[in-house]
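Peer 1: Provide a 3D model corresponding to the input given below.
(chains A, B, C and D)
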Protein chains: 2
Amino acid sequence: MEVELKNINPKFVELFTQTFAFTEEEFALFLSSFKCKTISKKDYYLRAGEVCKSKAYLNKGCARNFVLDEQGHERILFFPFEDWWLGDFDSYYSGNPGTNYIQMLEDSELLVISKEKFQKAEQEIPKLKQWYSSKMLRSAIASRNRIEEMKTLSAEERYLKLIEKQPHIFLRIPLQHIASYLNIEPQSLSRMRNRLTNKH
Amino acid sequence: MEVELKNINPKFVELFTQTFAFTEEEFALFLSSFKCKTISKKDYYLRAGEVCKSKAYLNKGCARNFVLDEQGHERILFFPFEDWWLGDFDSYYSGNPGTNYIQMLEDSELLVISKEKFQKAEQEIPKLKQWYSSKMLRSAIASRNRIEEMKTLSAEERYLKLIEKQPHIFLRIPLQHIASYLNIEPQSLSRMRNRLTNKH
DNA sequence: TTAATTTCTTAACCCTGGTTAAGTGTTTTT
DNA sequence: AAAAACACTTAACCAGGGTTAAGAAATTAA
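Peer 2: A predicted model of the protein is given here:
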């Protein structure tokens, strides 16, 4: 489906027209490279084993991005919400089958751009590269901070930090998935919550 | 101290003159922006609380990059060896005090370039930006893979993977530090190694 | 409204890794 | 060569989270 401007998250428009100062023509050209795609709750945007051949802007909805461990256990890495970009980084750039699953947790709306069209757009709109470099830098820093956090905080500390820093997650994501994100079992999260409320 | 070409790791020279095709002048200019610095075993290149104002190429030696958890426990994130770049990413770009310690584990030799000189070099040598984008991309992917690994593998699995994929680490890094990297105590690593050898 | 499904909780038992403590080697320093 | 510092191991005890199982509560579908 073609993308209609009026339905696009204003943050998307602002990012490119304001922050990266695309001209009207550049933005129109860029936008025309996208297809709109809706995915129902519980359906997948990506599965392990597939090659990731596109980037997708999450216009509306939310998802869980997870991998499987050796025992086939689902391990959630993060929860994409509105204004995030979805994809399997490694697979996208290497061309190899990926390890990530991306499953929508609400009925969602994506703006999808294929690798080919993105590359073409990059050639026609040099500013796009700037955007991408800065995005990559922030992504690298965020991942490093996440590693630090995983290494230095206990499950309980990560839980408390999540409540403090990203309370919105608790409004839209079931606790069982938050448990997986914290790297513990739902029963353990339940026990922990119980322990914390009875603490005083 | 000035950098002398004959003492530089050939990988450094190759990266810029071959892979990124710097001209002779560009490479000479770039190289003249560096200072050579030696740091003895156990001394620090960087400490938490300091603002990271330079990038450093590890020409010779190795180090441990760690952070402190709430209990003041050292948690090693990775072991830089020859041909790595040292620094606190987040602090370098944000200008805020960092959280990382970088301590040399052998007498080491660094090629250091200040933030100012690097920015200047970037303006004079546009190819430098290409290098940096590609480095950032790989860094982002590596960090994501590391997060996946931390989420899906047990301490024992991470230990066995380390032996398989980076056996050189065991030749130069004390086991106590490897334990910290695996996120367990030295005693637990010892017990695990004992368990594994007695397994059959 | 009832049935079915999903989400969350509680409890008992077990296992892994943390903690504390002590002891043995091995380097390094004096 | 002796002392000091460092690196590694072993063992006993304990706590946190995994596992299994069951049931309660809340949503969704029929």
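Peer 1: Regarding chain A, what is its longest helix?
Peer 2: If you go by DSSP state H, chain A has its longest helix at helix A:127-152.
Peer 1: what about the next helix or strand after it and DNA strand D, any contact?
Peer 2: As assigned by DSSP states H and E, the chain's next helix or strand after helix A:127-152 is helix A:155-165. Yes. Using CB under 7 Å from any atom of the strand, we find that helix A:155-165 touches DNA strand D at A:155-156. Quick note: C-beta positions are derived from backbone N, CA and C, even for glycine.
Peer 1: Can you give me the buried ones in the helix or strand just after helix A:155-165?
Peer 2: Heading C-terminal from helix A:155-165, the first helix or strand you meet, by DSSP H and E, is helix A:168-172. Using 16 or more other CB atoms under 10 Å in any protein chain shown as the test for burial, helix A:168-172 gives residue A:169.
Peer 1: what's the distance between the helix or strand following helix A:168-172 and the middle of its chain?
Peer 2: Sequence order places helix A:175-182 as the next helix or strand after helix A:168-172, per DSSP H and E. Counting by CA atoms, centre = their mean, to the nearest Å, helix A:175-182 is centred 16 Å from the centre of its parent chain.
Peer 1: Nearest residue to residue A:84 in space, please, no chain neighbours.
Peer 2: Ranked by CB to CB, 6 or more residues apart in numbering or on different chains and with sequence neighbours excluded, the top spatial neighbour of residue A:84 is residue A:58, at 4.9 Å.
Peer 1: element containing residue A:55?
Peer 2: Here residue A:55 sits within strand A:54-60, counting by DSSP H and E.
Peer 1: Check which helices and strands that strand sits against.
Peer 2: Here strand A:54-60 touches strand A:85-86, strand A:108-114, helix A:115-124, going by 3 or more CB pairs under 8 Å, 6 or more residues apart in numbering or on different chains; DSSP states H and E.
Peer 1: Next, the angle from that strand to helix A:127-152.
Peer 2: 80 degrees (axes from the mean of the first three to the mean of the last three CA atoms, to 10 degrees).
Peer 1: dump the residue contacts of the closest residue to residue A:59 other than its chain neighbours.
Peer 2: Closest residue to residue A:59 apart from its sequence neighbours, by CB to CB, 6+ apart: residue A:109 at 4.4 Å. Applying CB atoms under 8 Å, 6 or more residues apart in numbering or on different chains to residue A:109 gives the contacts A:7, A:36-38, A:58-61.
Peer 1: Beta-bridge partners for residue A:109, please?
Peer 2: Beta-bridge partners recorded for residue A:109 (DSSP bridges): residue A:38, residue A:60.
Peer 1: and it, how far is that from chain B?
Peer 2: Residue A:109 is 25 Å from chain B, where distance means CB to the nearest CB, to the nearest Å.
Peer 1: in the longest helix of chain A, what counts as buried?
Peer 2: So for helix A:127-152, counting by 16+ other CB under 10 Å, buried means A:128, A:131-133, A:136-137, A:139-141, A:143-144, A:146-148, A:150-152.
Peer 1: helices or strands up against it?
Peer 2: By 3+ CB pairs under 8 Å, 6+ apart, helix A:127-152 packs against helix A:115-124, helix A:155-165, strand B:63-68, strand B:74-78, helix B:89-94, helix B:127-152.
Peer 1: Out of those, flag the one nearest residue B:160.
Peer 2: Taking CB to CB, helix B:127-152 is the member of those nearest to residue B:160, at 12.1 Å.
Peer 1: can that closest one be found next to DNA strand D?
Peer 2: No. Against DNA strand D, helix B:127-152 shows no contacts by CB under 7 Å from any atom of the strand, the least distance being 10.9 Å.
Peer 1: For that helix, the averaged confidence score.
Peer 2: When pLDDT is averaged along helix B:127-152, the result is 93.
Peer 1: which residues are contacting stretch A:181-200?
Peer 2: Contacts of stretch A:181-200 (CB under 8 Å, 6+ apart): A:75-79, A:150, A:155-156, A:158-159, A:162, A:175-176, A:178-180, B:151.
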